[in-house]
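> the following comprises the amino acid sequence and a computationally predicted model.
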Amino acid sequence: MRRIQSMVSPSSAEFRRNEAHNRELVATFRSKQDAARHDRPARDLERLAKQNKMRPRERIEKLLDPGTPFLELSSLAANMAYGGDSPSASSIVGIGIVSGREVVIRADDPTVKGGAWYPLTAKKIVRALDIAMENRLPVVHLCDSAGGFLQLQSEVFPDKYMAGRIFRNQSILSKIGVKQLALVFGHCTAGGAYIPGLSDYSVIVRGTGAVFLGGPPLVRAATGEDVTVEELGGADMHTSVSGTCDYPAANEDEAIHIGREIVSQWDRAKKWDIQREAPEEPAYDPQDIYGILPDDIKKSFDMREIIARIVDGSRFHEYQPNYGTTLVCGYANIWGFKVGILANNGVLFNDSSLKGAHFIELCNQNNTPLVFLQNITGYMIGRDYERRGITKDGAKMIMAQSCSRVPKFTVMCNGSFGAGNYGMCGRAFDGRMLFTWPNHQIGVMGGDQAANTLAEVKMNQMKRNGDAVDQVEVERLWENTRKAYQEQLSAYYSTSELWDDGMIDPVDTRNALGIAISASLNAPLGEPGYGVFRF
């Protein structure tokens, strides 16, 4: 494949201005991420130390094979929720290597309200188990939770995608033969007791680990029975009397050692064959991405320059380079894996929509995973485009993408607006992973467009009612709408609500995609087939 010829000038004033802007965005992201990972009240850390417990990240570090990467997901979940009281949604999730096997690791964080599950905690755990199902990845649960956060129980407990979905997903994982291991470091209370109960293997730490549907206070209140933690759900009882847990451990180190031994006995899933070559670093420095991304969401840039700093050797075989030019399509390798890339270079017109649909079909025919690089304002609107069938052509692209049998991965590189989000494999379309960059914005439309639309509607309403146009009221509506939109458009709001699988530094995109693609190969390809294309 040919190497992309970069036209970027690192010495230009525009490059230096963009670079300064984006490095500041990344520094802010890194600071927020570091705080979410490590900043905890001293009293909570002291409590763990008195109990001879490790912090959850220490547990993960000891569980992982030395020197192997850990792709943490949704590190800034809940960063704009609950007044900041649930950093990382009170849990840690990621993909790592344990005893030579790729696994999903899910860890409660007892330094946050005793590991209690907030609504977004449940959502994050459900998503982790979805990832395990979609990619046929074994799961290691590091359990240490007080159960559901009772003050918000109506948002944690009853609905389809709340806490009950966790246990449903665990059951489905077992049904399809995906293994699960629970390491019980602390309490597994109420619904949380089903985590080890539904796992194939479980290890429980003597003295601190406990599993029960109701703790001693609840048992006393409900039945009048006075019972200790150890009698009710401790390690010795569950490994010698109830059989709820399999292995007792004297301490956390031993529990992790036993856990690694258990995982080492598991058979290795046979990955499906993908075209692969020896990995090669990009020919251009990924750090250049900071200078390529504009300092204004409304400014355009050539997505080929981003591709050149992500793919192996910066080589790219572009498909139909002279047709539908607002959508760049082509083949490349990422960490040696062959992928088909669709990247926005402007609004999607009829020709670019048809090009995208056709290219997706080709990748499915060739068993080539798809990578979508989003910077999209939507499909083109207007009378002429509707007469040409833009809705029909956009639907073809959405149909081809929705019914794709190969794994799909999405990176939100800049803007993601309107139905363009859908055609380019937004969150609703079951991509295996979706990552965002700190500059990313997402919404039905931009803040200014939304404010202008509502202001015009308001003025027309006043005119219809025979009222004089109140310019002050219109301007107030415009400003309030724009302000609300700007907050909800931000990448931090998006990642807080788990509309993605995590915000990442743009220069880490290649590594994140490499790990995600490798993990996806554990699951068999889907069945080929499409719905009805409207011609």
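Done, it's in. Numbering: from 1, shown residues only.

> okay, CA-based contacts and neighbour counts for the rest of this
Will do.

> can you name the helix or strand that residue 354 falls in?
Taking DSSP states H and E as the criterion, residue 354 maps to helix 350-365.

> phi, psi of the residue lying farthest from the centre of the chain?
Going by C-alpha atoms, centre = their mean, the residue of the chain most distant from its centre is residue 466, 50.3 Å out. Main-chain torsions, residue 466, degrees, to the nearest 10: phi 80, psi 20.

> cool, residue 337 as well?
Main-chain dihedrals, residue 337, degrees, to the nearest 10: phi -80, psi 130.

> could you do residue 201 as well?
Dihedral angles for residue 201 - degrees, to the nearest 10 - are phi -140, psi 150.

> same check, this time on residue 116
phi -60, psi 150.

> ok, residue 283 next?
phi -70, psi -20.

> how about low-confidence regions in the stretch 401-535 of the chain?
Low-confidence regions of the stretch 401-535 of the chain, defined by pLDDT under 70, span residues 445-448, 451, 469.

> can you pull out the strands in it?
408-417, 433-436, 441-443 (DSSP state E, counting those that start in this stretch).

> out of the ones you listed, flag the one nearest residue 22.
Closest approach to residue 22 among these (C-alpha to C-alpha): strand 408-417, 11.6 Å.

> can you list the domain ranges for the protein.
Domain assignment of the chain by automatic domain parsing yields the ranges 42-263, 286-444+490-520.

> which of these sits closest to residue 481?
domain 286-444+490-520 (13.0 Å).

> can you list the strands of the stretch 401-535 of the chain in TSV and add distance to residue 246 and mean neighbour count?
Output for the strands of the stretch 401-535 of the chain, formatted as TSV (distance: least, C-alpha to C-alpha, whole Å; neighbours: other C-alpha atoms under 10 Å):
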stretch	distance to residue 246	mean neighbour count
strand 408-417	38	25
strand 433-436	33	24
strand 441-443	46	24
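
> switch those over to CSV; also include distance to residue 380.
CSV is the format used below for the strands of the stretch 401-535 of the chain (distance: least, C-alpha to C-alpha, whole Å):
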stretch, distance to residue 380
strand 408-417, 12
strand 433-436, 24
strand 441-443, 16
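
> hang on, the earlier thing: now tabulate the domains of the chain in TSV and tack on distance to residue 12.
As requested, those are exported to TSV (distance: least, C-alpha to C-alpha, whole Å):
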stretch	distance to residue 12
domain 42-263	34
domain 286-444+490-520	9
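
> buried stuff in the helix holding residue 354?
Using 16 or more other C-alpha atoms under 10 Å as the test for burial, helix 350-365 gives 350-357, 359-361, 363-364.

> repeat for stretch 100-120
So for stretch 100-120, counting by 16+ other C-alpha under 10 Å, buried means 101-120.

> next, count neighbours for residue 16.
When neighbours are defined as other C-alpha atoms under 10 Å, residue 16 has 16 of them.

> to clarify, my last question referred to residue 531.
Counted with other C-alpha under 10 Å, residue 531 comes out at 10.

> try residue 226
Residues near residue 226, counting by other C-alpha under 10 Å: 11.

> kindly report the same for the one 10 residues further on.
Neighbour count for residue 236, taken as other C-alpha under 10 Å: 21.

> need the contact list for it.
Residue 236 makes contact with 206, 230, 248 under the criterion C-alpha atoms under 8 Å, 6 or more residues apart in numbering.

> one more: residue 411?
371, 372, 373, 374, 434, 435, 436, 437.

> from those, pick the one nearest residue 284.
Closest approach to residue 284 among the contacts of residue 411 (C-alpha to C-alpha): residue 373, at 18.1 Å.

> contact partners for the residue farthest from the centre of the chain?
No contacts exist for residue 466 under C-alpha under 8 Å, 6+ apart.

> quick check: it vs residue 456, distance?
Using C-alpha to C-alpha, to the nearest Å, residue 466 is found at 15 Å from residue 456.

> these two touch, right, residue 279 and residue 332?
No: with contact defined as C-alpha atoms under 8 Å, residue 279 does not count as touching residue 332 (11.4 Å).

> of the two, who's got more company?
residue 332 (24 against 14).

> how about the more buried one, phi and psi?
With angles defined as degrees, to the nearest 10, residue 332 sits at phi -160, psi -180.

> so which strand or helix has the closest residue to residue 158 other than its chain neighbours?
Distances taken as C-alpha to C-alpha, 6 or more residues apart in numbering place residue 164 nearest to residue 158, at 7.3 Å, with adjacent residues excluded. In the assignment (DSSP H and E), residue 164 maps to helix 163-175.

> the helix or strand following that helix: how far from the chain's middle?
Once helix 163-175 ends, the next helix or strand along the chain (criterion: DSSP H and E) is strand 180-189. Here the centre of strand 180-189 is set off from its chain's centre by 24 Å, with C-alpha atoms, centre = their mean, to the nearest Å.

> from the contact counts, what lies against the lengthiest helix in the chain?
Counting residues, the longest helix found in the chain (DSSP state H) is helix 13-38. The criterion is 3 or more C-alpha pairs under 8 Å, 6 or more residues apart in numbering; DSSP states H and E, and the helices and strands that helix 13-38 contacts are helix 289-292.

> just give me the neighbour total for the residue lying closest to residue 255 once chain neighbours are set aside.
Nearest residue to residue 255, sequence neighbours excluded (C-alpha to C-alpha, 6+ apart): residue 249, at 5.2 Å. When neighbours are counted by other C-alpha under 10 Å, residue 249 registers 22.

> surely residue 249 meets residue 208?
No: counting by C-alpha under 8 Å, residue 249 sits too far from residue 208 to count as a contact (10.3 Å).

> rebuild the contacts of residue 236 as CSV, extending it with secondary structure.
Formatted as CSV, these follow (DSSP: H, G, I helix; E, B strand; the rest coil):
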residue, secondary structure
206, coil
230, helix
248, strand
